[in-house]
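# pasting the structure only:
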């Protein structure tokens, strides 16, 4: 089993450790990495497509061709939602991590959160995305690396994405929002 060994999850510092695993063999890519095609279930695909297209459309209207500093993070919302929805259904994910994944999915779906999307539009997803990054940071040593990567549909590297989000969290939302997000996860 491959896991990330984190020194300090808030700073996003992990090192990879390899341990023996009896998992099924997967195809190997040209780079020698294990690969597996992940197909979204219909209900996840519909939500994923709708969310991504709404976010992209809104950001294009707001910023035109200029990239907003938060835009690339906001576009992670559908990828992160699908990741956590899949982790909830995976039998290989420990119960504690499933509980955390459940909190993240519920937070994404809830119309009442710290930065409500109904009032703020896609900018309101920043708190959801940061919550997801903190949750992933905690889950990375409890859930097999391959399980996380198997369910990740994002284009960017998952570890780098989490690290970057954790470093940028204070720039993206104010300290009060950040404190509320951390307190929510500390309850789990």
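Nice, thanks for sending it over. This one's a predicted model, so the numbers in the text were calculated from it and none came from an experiment.
# C-alpha only now, for contacts and for neighbours.
Noted.
# how near is residue 113 to residue 163?
23 Å (CA to CA, to the nearest Å).
# hmm, I typed the wrong one, I wanted residue 54.
As judged by CA to CA, residue 54 and residue 163 stand 26 Å apart.
# which of the two has more neighbours?
A count of neighbours by other CA atoms under 10 Å puts residue 163 above the other of residue 54 and residue 163, at 20 against 14.
# tell me which helix or strand of the chain sits lowest on mean pLDDT?
strand 27-28 (a mean of 40; mean pLDDT, DSSP states H and E).
# please enumerate the strands of the chain.
2-8, 13-18, 27-28, 34-35 (DSSP state E).
# report how many residues lie close to residue 150.
17.
# next one: residue 114
Considering only other CA under 10 Å, residue 114 is surrounded by 17 other residues.
# apart from its neighbours in sequence, what residue is nearest it?
Among residues not flanking residue 114 along the chain, residue 177 sits closest, at 6.5 Å (CA to CA, 6 or more residues apart in numbering).
# and the gap between residue 85 and residue 151?
Residue 85 sits 9 Å away from residue 151, going by CA to CA.
# hmm, I typed the wrong one, I wanted residue 74.
Distance from residue 74 to residue 151, by CA to CA: 19 Å.
# and for residue 177?
From residue 177 over to residue 151 (counting by CA to CA), the distance is 28 Å.
# and those two? which has more neighbours close in?
Each of residue 177 and residue 151 has its neighbours counted (other CA under 10 Å); residue 151 has more, 22 against 19.
# what are the boundaries of the helices in the protein?
42-63, 71-74, 77-89, 95-109, 117-120, 126-139, 145-151, 158-172, 175-186 (DSSP state H).
# for those, which has the smallest mean pLDDT value?
Mean pLDDT per stretch puts helix 42-63 lowest among those, at a mean of 66.
# buried set for stretch 149-164?
Within stretch 149-164, the residues scored as buried using 16 or more other CA atoms under 10 Å are 149, 150, 151, 152, 153, 154, 158, 159, 161, 162, 163.
# in a markdown table: these, plus distance to residue 118.
Shown next, in a markdown table, are the buried residues of stretch 149-164 (distance: CA to CA, whole Å):
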| residue | distance to residue 118 |
| --- | --- |
| 149 | 31 |
| 150 | 32 |
| 151 | 28 |
| 152 | 27 |
| 153 | 26 |
| 154 | 25 |
| 158 | 28 |
| 159 | 30 |
| 161 | 26 |
| 162 | 26 |
| 163 | 28 |
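# can you list contacts of stretch 119-129?
55, 58-59, 70, 73-74, 76-77, 80, 104, 107-108, 114-118, 172-173, 177-178, 181 (CA atoms under 8 Å, 6 or more residues apart in numbering).
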